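Q: sharing a sequence plus its predicted fold:
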Amino acid sequence: MRDDGNTRSALVNATAWVAATTALSLGLVLTAAAVIWQQQQAGVEVHQLQDRQVERLQGDVVKRLTMPVYGLKGARGTLAALDGKLSREAFDAYVDSRDLAGEFPGVRGFGFIERVARHDLEGFVAAHQREGSTGFRVHGSGTNETLYVLTQIAPFSRNFPAWGMDLGADPVRRQAIERAIDTGEATLSAPLRLVQDPLKGPGFLLLVPVYRRGLDPGTPDQRRLALQGVLCAPLVANELLRGVAEPAAALLDLKLSARAGDDDFKPLLAVRRGQALTPDEASAYALADDPTAETLYFTVAGREFRLDTVLTRGASMTLLGLSGLGLEVGGAVLSLLLAVTVYLLATGRARAEQMARDMTADLARLARVASHTTNGVLITDPERRIVWVNDGFTRLSGYTAPEALGRQPSELLHSELTDADTVHGMREAMSVGMGCKAELMHRARDGRDYWVDIEIQPLLDDGGALTGFMLVQSDITARKALQAQADEAHQSLQDLYDNAPCAYYALDGNGRFLQINALGLSWLGCTAAQLIGRASPADFFDDPGRALFNDAFSRFMREGRISGLEFNIIGRHGETRRVSLSATAVYDANGAFLRSRSVMFDISETHRIRQQLHQLTLDQEAMLESDLIGMAKMRGRHTIWRNHALERIFGYADGELRGVPIRQLYIDDTSYETLGALAYPQLKSGGRFRTQLQMRRKDGSLIWVDLSGVDLPGSGGESLWMMVDISQSKAHEARMERAALHDALTGLPNRLLLADRLRQAIAAAERTGHVFALAYLDLDGFKQINDRHGHDAGDEVLKVVAARLHAGLRTSDTVARLGGDEFVVLLTPQQAPSDAEPVLSRLLDALCQPVTLASGEPVAVGSSVGLAHFPADGRTPEVLMRRADEAMFANKRANRPSTSARRS
């Protein structure tokens, strides 16, 4: 009997070991299959997530590159509205009307390019200078016969180096300009270096062609002929793409490149582990070898871009590397437990049967408890169809047992607000017979949405086979509402803290950071981990700022408050800003220092404006104290301020003109009152007044003054006047005018002045109906005097003749020397042609009188005269001069001094 017992025991043990080994093997195989399936699913989900991030990145880059096109097209519309006449003032006004930094980040300005042939370049430059751009020059010109010159650029101060530049000299720029002209479309150049970018990073030139009458002719040849110019916008890539990679930095490493002119791709932006790479690092950064690498090509404004992305190491480990680890471990453990269970079942069936009976009793007791609990309890079959619900479920959902039986919970309780990912995870767990726990939104029978904390446990039969699931639901709607309110309040406070328009931070007793908001981190170019407990604000100040901080912090520890300190703060990224710092101390109940409450405001712009105002004040003081321009501020035509140059110009001692009426500088009351009547209405209307007039110095001498004035807004009637002594230039003008209109030898009017007076005489005669005479005189015997006595003697004779002719005329008459020994006499006005005879006879008699030379020798000349009358002999200066000249030659040939005109 003992042997038989041992044998049965051995057989039972052997059978138990075989069954346990089989169960363990089967469990491990199923676990391996589940791991493989889960990793495949994780790979698909990661790929989809990566595609969504890449799509967002592409959309953001395309948006940033194309937004400036709308600004350029707006400029094209402005140009069309002006009929193609784009003055610098109109162009500047359009650019000033746009918020470049807000509307078009990365855009340095807008410009206008004009095409000009090399042989027309000199006239092209001269035309722009005449239109007001006196400093306009063309530079950077290449060897091409056609130049593309940047003639307009705004804002001018930021883009001055590019003004006048021949953009066609650079092959990259030229290729983009000509492609824009031929296609008629907005065109983006290959990556290039912009003269406006002091960092010399990569940039682009965005181009929009403009054709005459604002219309696109249609074909490339017609577009070239109809071209008016090309609107352009220089884009700085670093500024344009700033922050574009931040939303994806936790998931992706990336590299954005643009196709260059040599068909290679030039990197614009590269990010690795959340940090932007330098240009050299970006060029050497290769992503194609990574198993998660993806490459996307897309085109913007005719320029092809390439976006390479890979999962970061952390994302790969989180999303792929660990995706099956839990399942592997759990499957192995469950397989081992299953093997142990099979072994125990095989070796202790009686004990198992007893345990089953105990469990049945426990389940009965559990069912009685579940029926009366306030939680909702459901039991389903393996296909997740409901087979039993308790009263708590009906209270929560509103569904009775008959309504619920045979249906899946998702059919009854699904809401649009139910999180699909959570439901998917629960189904995945249940599909492999596992339990899970989650929070989920359900919809009750009456349409009410409510939150439940749901726990799912698998139900197994005696053989370990899955018989269904038990779901226990707890209503957490009230808790979720409170949590949402708390999260919203916390998020609002955190957002206010992080994104306030200032940097908030706290320091410990050693001056090291305990806390800092997001804006402060961005200013310093660091992460919180790099700062908290490790660094001090002094680490980011310049040397003077560091000394000031150390002194102020010790004072702050003593007094508990400090404000208004200014520092230059330099971030790790190299950006410098001016900040104002204030802080108060926080103490514990015993008065011990805990931390600071510190705030920093960015006052860079205020500091810059302050410096500019200071420099402007110095510049204005230098200008106001100019020794060349006299300046005076007036109220009620009394000086309330003057500079030293004003007193020097008018010959007064220092301080003599302070507070005096300005009347004493005028020649008389008439000129004083006339200027006041002309100037002050114009000043009050917002205009400027300028004139030139004579004024009186202290010693009574007169000077010419260039006087200009302007009203000072908001000053209560004050005006500013500037005066420049132009006496020397006025005297020079008078000398130049006399030299231009008078004969240098005799001082008589020359041919130009005679022509002007002859035109005036014709106009007056046509108005009044009077006549006048024009006499042409040529001296007889003058050549012999020159030949015998020399040219000096001839000049003496000409001067005497001129004086005698001038003395014999009325004040209304004119005598002019045309050159050599030819004179013209204009007799005006007259009542009849015969009135000229006595005057000419008197002149001829005077000319015949001997002339005594400086040598004492007497000489004599005669004169041949030709006479023409207006209007009988002509109505134009040319005809009258010709008729008088013909009459003079006729008389000279007849050898008689005649005063009669040859009638036509």
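A: Nice, I can see it. Small disclaimer: the values here were computed from a predicted structure and weren't measured. Numbers count the residues shown, from 1 in each chain.
Q: going forward, measure contacts and count neighbours with C-alpha atoms only.
A: Fine.
Q: run through the helices of the stretch 201-350 of the chain in chain order.
A: Residue ranges of the helices in the stretch 201-350 of the chain, as given by DSSP state H, counting those that start in this stretch, are 220-226, 237-240, 279-284, 313-316, 325-347, 349-372.
Q: Ala775 falls within a strand, correct?
A: Yes: under DSSP: H, G, I helix; E, B strand; the rest coil, Ala775 falls within a strand.
Q: now do it, the pLDDT please.
A: The score at Ala775 is 94. That number is its pLDDT.
Q: excluding chain neighbours, what is closest to it?
A: On the basis of Cα to Cα, 6 or more residues apart in numbering, the spatially nearest residue to Ala775 that is not a chain neighbour turns out to be Leu867, at 4.5 Å.
Q: in its sheet, what does the helix or strand containing the one you found sit against?
A: Following DSSP states H and E, the helix or strand that holds Leu867 is strand 862-870. Paired with strand 862-870 in the same sheet, following DSSP bridges, are strand 771-780 (antiparallel).
Q: which strands or helices does the helix or strand following the partner strand pack on?
A: Once strand 771-780 ends, the next helix or strand along the chain (criterion: DSSP H and E) is helix 782-789. With contacts defined as 3 or more Cα pairs under 8 Å, 6 or more residues apart in numbering; DSSP states H and E, the packing partners of helix 782-789 are helix 791-807.
Q: please enumerate residues in contact with the helix it packs on?
A: Surrounding helix 791-807, the residues in contact under the criterion Cα atoms under 8 Å, 6 or more residues apart in numbering are 745-746, 748, 782, 785-786, 814-815, 821, 843, 846-847, 851, 853-854.
Q: buried ones in that helix, by neighbour count?
A: Residues of helix 791-807 classed as buried by neighbour count (16 or more other Cα atoms under 10 Å): 793-802, 804-806.
Q: output these in a markdown table; the columns should cover pLDDT and distance to Ser598.
A: Shown next, in a markdown table, are those (pLDDT from 0 to 100; distance: Cα to Cα, whole Å):
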| residue | pLDDT | distance to Ser598 |
| --- | --- | --- |
| Ala793 | 90 | 100 |
| Gly794 | 91 | 99 |
| Asp795 | 92 | 96 |
| Glu796 | 92 | 98 |
| Val797 | 93 | 100 |
| Leu798 | 93 | 97 |
| Lys799 | 93 | 95 |
| Val800 | 93 | 99 |
| Val801 | 94 | 99 |
| Ala802 | 92 | 96 |
| Arg804 | 92 | 99 |
| Leu805 | 92 | 98 |
| His806 | 90 | 95 |
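Q: now those residues in CSV, with distance to Val300?
A: Formatted as CSV, the buried residues of helix 791-807 follow (distance: Cα to Cα, whole Å):
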residue, distance to Val300
Ala793, 88
Gly794, 86
Asp795, 83
Glu796, 86
Val797, 87
Leu798, 84
Lys799, 84
Val800, 87
Val801, 87
Ala802, 83
Arg804, 88
Leu805, 86
His806, 84
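Q: hang on, the earlier thing: need the least confident one among the helices of the stretch 201-350 of the chain, by mean pLDDT.
A: When the helices of the stretch 201-350 of the chain are compared by mean pLDDT, helix 349-372 comes last with a mean of 52.
Q: okay, now the sheet partners of the helix or strand following that helix, with direction.
A: For helix 349-372, the succeeding helix or strand toward the C-terminus, using DSSP H and E, is strand 376-380. For strand 376-380, the pairing partners within the sheet under DSSP bridges are strand 386-389 (antiparallel), strand 466-475 (antiparallel).
Q: and those strands as TSV, adding distance to Asp182, mean neighbour count and mean pLDDT?
A: Written out in TSV, the entries for the strands paired with strand 376-380 read as follows (distance: least, Cα to Cα, whole Å; neighbours: other Cα atoms under 10 Å; pLDDT from 0 to 100):
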stretch	distance to Asp182	mean neighbour count	mean pLDDT
strand 386-389	72	20	92
strand 466-475	69	20	91
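Q: right, and those - which one's nearest Thr183?
A: Proximity to Thr183 (Cα to Cα) singles out strand 466-475 among those, at 65.7 Å.
Q: who touches the closest one?
A: 375-384, 393, 396, 433, 450-461.
Q: name the next helix or strand downstream of that strand, please.
A: Toward the C-terminal end, the helix or strand that comes next after strand 466-475 (DSSP H and E) is helix 477-499.
Q: so which bits of that following helix are buried?
A: Neighbour-count burial for helix 477-499, with 16+ other Cα under 10 Å as criterion, is recorded at Tyr497, Asp498.
Q: for the helix or strand that comes right after that helix, which strands pair with it and how are they oriented?
A: Past helix 477-499, heading to the C-terminal end, the next element that is a helix or strand (DSSP H and E) is strand 503-507. Applying DSSP bridges, strand 503-507 is found paired with strand 513-516 (antiparallel), strand 593-602 (antiparallel).
Q: the inter-axis angle of strand 503-507 versus helix 477-499?
A: Per axes from the mean of the first three to the mean of the last three Cα atoms, to 10 degrees, the angle that strand 503-507 makes with helix 477-499 is 90 degrees.
Q: which ones are touching Ile254?
A: Just to correct that, residue 254 is Leu rather than Ile. Leu254 sits in contact with Ala270, Val271, Arg272, Leu287, Leu307, Asp308, Thr309, Val310, where contact means Cα under 8 Å, 6+ apart.
Q: beta partners for it?
A: Leu254 has these beta-bridge partners by DSSP bridges: Val271, Thr309.
Q: strands of the stretch 651-800 of the chain, start to end?
A: Listed in chain order, the strands of the stretch 651-800 of the chain (DSSP state E, counting those that start in this stretch) span residues 688-696, 702-711, 719-725, 771-780.
Q: comparing the ones you listed, which comes out most buried?
A: Neighbour counts (mean count of other Cα atoms under 10 Å) averaged over each of those peak at strand 771-780, with a mean of 24.
Q: please save the CA atoms from that one in CSV.
A: This file holds the C-alpha atoms of strand 771-780, laid out as CSV (Å, rounded to 0.1, in the frame of the first residue of the first chain):
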residue,chain,number,x,y,z
VAL,A,771,5.7,153.6,-80.8
PHE,A,772,9.4,153.5,-80.1
ALA,A,773,12.6,153.6,-82.2
LEU,A,774,15.7,151.3,-82.2
ALA,A,775,19.0,152.8,-83.5
TYR,A,776,22.0,150.7,-84.6
LEU,A,777,25.3,152.7,-84.5
ASP,A,778,28.7,151.7,-85.9
LEU,A,779,31.7,154.0,-85.4
ASP,A,780,33.5,155.3,-88.5
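Q: quick check: the gap between the closest residue to Leu167 other than its chain neighbours and Ala260.
A: Once flanking residues are discounted, Leu167 sits nearest to Tyr148: 5.5 Å by Cα to Cα, 6+ apart. Noted for Tyr148: a distance of 21 Å to Ala260, by Cα to Cα, to the nearest Å.
Q: those two: who's more crowded?
A: Tyr148 (25 against 18; other Cα atoms under 10 Å).
Q: what's next to the host helix or strand of that one, contact-wise?
A: Tyr148 belongs to strand 146-154 when assigned by DSSP H and E. Contacts to strand 146-154, defined as Cα under 8 Å, 6+ apart, come from residues 88, 91-92, 95, 109-118, 138, 141, 159-160, 162-169, 174.
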